[in-house]
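Colleague: Let's see this in three dimensions:
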Amino acid sequence: MHTGGEPLRIITDGIPVPKGRTLLEKRAYLRDHDDQYRRFLMFEPRGHKDMYGALLVPHDHPDADLAVIFMHNEGYSTMCGHAIMALGRFALDYGLVVKGDGETKVKIQCPCGLVRAYVATENGVTGAVRFESVPAYSYKLGQFVETVDYGPVELDIGYGGAFYAILDAATLGLDVRSSRTQDLVTAATQISEAVKAQVSITHPEEPELGYLYGTILTDGGLGHAGSPSANICVFADKQVDRSPTGSGVTARMALAAARKKIGIGDTCRFESVTGAIFTGKILSQTKVGPYKAVTVEVAGRAHYSGTAEFTFEDGDPLGGGFLLR
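Modeller: Residues are numbered from 1 along each chain as shown. Below you'll find the predicted structure:
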């Protein structure tokens, strides 16, 4: 499937269930002992540098309908909004959850927690999906980092199921709508490297969630009135999100709420490099450890792109996967 052009390879068979009692333990086992499956499915010749995957595994949360481990070119993420939208449709269309009339709730256990998706159905056909985020919050506002090419750079760090560094591309002399994608990727990567080297990031409740996932460059807007706010998310190993980034939208909304630019009930629109649109809406206020937090509803559309069966032939020296870029 894809959401706004961002691929999602949903893995339904062929990988042994990772060992572990909890989802985070299963994720750690896959990372530490069976990472060959990720490379096999994400890397060339079956995938590419920007492939994204979702492995369905047994859930351990009492309220969940299904559980998922997300994977990409570098490893395993904690949350993925574009995948949630696709998995919501998939769960109904493939009978993992009984399809209701109008809108059906699908409860998906992610490494960051339980996410509730709501899948619209019209004349038996699934369509738009909205989901309620895990609590999101501002981690750092006005944080400065020193960079090689841009000198001191001011940015915010927000959590929306994963941590992102977020800043206006114009402060780097770039424009997310007109600059070359490669230039945006180079700049975002340098920002990510600077933050990882200079800022300690911890999650107050779960140590495995405490790391920077990527950098989001924006047009400086909020998408609260009029045109949507454009952004590009560069995560993992220089991987570019083709969608507006569901967890990134959540983090952007949390930062805007922390700056008191938006409040409960306010809706913003966000546009990706493909022109795809997600909306974000503040639902409620809450807390995560010492942090004031919000829950955010993110909405968009996912689409099917095909099915595939992949094989490994004995004696193939490249069959385990490789990357050229």
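
Colleague: What residues of stretch 23-41 count as buried?
Modeller: Across stretch 23-41, burial judged by 16 or more other CB atoms under 10 Å covers Leu23, Leu24, Lys26, Arg27, Ala28, Leu30, Tyr37, Arg38, Arg39, Phe40, Leu41. From N, CA and C alone the C-beta is placed, and that goes for glycine too.

Colleague: Would you format the residues you listed as CSV with secondary structure included?
Modeller: Putting those into CSV (DSSP: H, G, I helix; E, B strand; the rest coil) gives the following:
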residue, secondary structure
Leu23, helix
Leu24, helix
Lys26, helix
Arg27, helix
Ala28, helix
Leu30, helix
Tyr37, helix
Arg38, helix
Arg39, helix
Phe40, helix
Leu41, helix
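
Colleague: for these, which one is nearest Leu141?
Modeller: Leu24 (28.5 Å; CB to CB).

Colleague: what's the neighbour count on Tyr211?
Modeller: Counted by other CB atoms under 10 Å, the residues lying close to Tyr211 total 13.

Colleague: and the gap between the residue nearest to it when sequence neighbours are not counted and Arg27?
Modeller: In space, and not counting its chain neighbours, Tyr211 is closest to Ile201: 6.0 Å by CB to CB, 6 or more residues apart in numbering. According to CB to CB, to the nearest Å, Ile201 stands 18 Å off from Arg27.

Colleague: packing partners for the helix or strand where Thr104 lies?
Modeller: Here Thr104, judged by DSSP states H and E, is contained in strand 102-110. In terms of contacts (3 or more CB pairs under 8 Å, 6 or more residues apart in numbering; DSSP states H and E), strand 102-110 is packed against strand 66-71, helix 81-93, strand 113-122.

Colleague: between these, which gets nearest to Glu271?
Modeller: Of all the helices and strands packed on strand 102-110, it is helix 81-93 that lies closest to Glu271, at 14.0 Å by CB to CB.

Colleague: Run the angle between the closest one and strand 66-71 for me.
Modeller: Put simply, helix 81-93 runs at 140 degrees to strand 66-71, going by axes from the mean of the first three to the mean of the last three CA atoms, to 10 degrees.

Colleague: Can you give me the buried ones in helix 81-93?
Modeller: For helix 81-93, a neighbour-count test (16+ other CB under 10 Å) marks Gly81, His82, Ala83, Ile84, Met85, Ala86, Leu87, Gly88, Arg89, Phe90, Ala91, Leu92 as buried.

Colleague: export these to JSON lines and tack on pLDDT and distance to Ser305?
Modeller: Formatted as JSON lines, the buried residues of helix 81-93 follow (pLDDT from 0 to 100; distance: CB to CB, whole Å):
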{"residue": "Gly81", "pLDDT": "97", "distance to Ser305": "18"}
{"residue": "His82", "pLDDT": "98", "distance to Ser305": "13"}
{"residue": "Ala83", "pLDDT": "98", "distance to Ser305": "14"}
{"residue": "Ile84", "pLDDT": "98", "distance to Ser305": "17"}
{"residue": "Met85", "pLDDT": "98", "distance to Ser305": "14"}
{"residue": "Ala86", "pLDDT": "98", "distance to Ser305": "10"}
{"residue": "Leu87", "pLDDT": "98", "distance to Ser305": "14"}
{"residue": "Gly88", "pLDDT": "98", "distance to Ser305": "16"}
{"residue": "Arg89", "pLDDT": "98", "distance to Ser305": "12"}
{"residue": "Phe90", "pLDDT": "98", "distance to Ser305": "12"}
{"residue": "Ala91", "pLDDT": "98", "distance to Ser305": "17"}
{"residue": "Leu92", "pLDDT": "98", "distance to Ser305": "17"}
